[in-house]
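S.K.: I would like the atomic coordinates for the input below:
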Amino acid sequence: MTGVAANQLELDALSSDPSPVVDGAVWYNSTAGEVRVRQGGFTVPIGGSGITPAQHQALDQLVHLVAETSYLEVTRTAGRVSDVTYWTDNTKTTKVRETNITRTAGQVSSVVVKQYDGTGTLAQTLTGTVARTGGQVASIDWVLT
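M.R.: Coordinates of the predicted model:
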């Protein structure tokens, strides 16, 4: 930081983002022409009009499947759907999303949804545990990991 004068905060102009950088750090990237902050493990521009990576992650990434070419594989166990997997194409080398369905006594007891990044590496897992009352689904408790 250069200094503070007359109610103004002056930041040093850096031609690239600092490394390493910790959450809470603020700097001016002169190449990009942006004031940036490190927040939640992401570097984001301050005052930008786009969404941050963390905000994007919070959106339902299923919309990407609508806009992208993909290959859908459905697996059945004992005649019932047990897995639904979206791949980038029919070579099945890179997963996009996978849903695993577990049944107990013939009824769905849990649903695990795995979201993969662009390289096919697991990015997030959403696990839903089904609670029943009188044989009917009463609630599903979802946990994101």
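S.K.: In terms of residue numbering, what are the domains of this structure?
M.R.: 3-56, 63-144 (automatic domain parsing).
S.K.: Distance from the chain centre to the shortest one, please.
M.R.: Going back to what we said before, that points to domain 3-56. Between the centre of domain 3-56 and the centre of its chain there are 22 Å (C-alpha atoms, centre = their mean, to the nearest Å).
S.K.: Repeat that for the last one.
M.R.: Using C-alpha atoms, centre = their mean, we find the averaged C-alpha position of domain 63-144 to lie 15 Å away from the chain's own average C-alpha position.
S.K.: quick one: average pLDDT of it?
M.R.: Over the span of domain 63-144, the pLDDT mean works out to 88.
S.K.: ok now do the closest residue to residue 137 other than its chain neighbours, which residues does it touch?
M.R.: Nearest residue to residue 137, sequence neighbours excluded (C-beta to C-beta, 6 or more residues apart in numbering): residue 130, at 5.8 Å. All C-beta atoms are positioned from the backbone trio N, CA, C, and that covers glycine. Residue 130 makes contact with 107-111, 137, 139-140, according to C-beta atoms under 8 Å, 6 or more residues apart in numbering.
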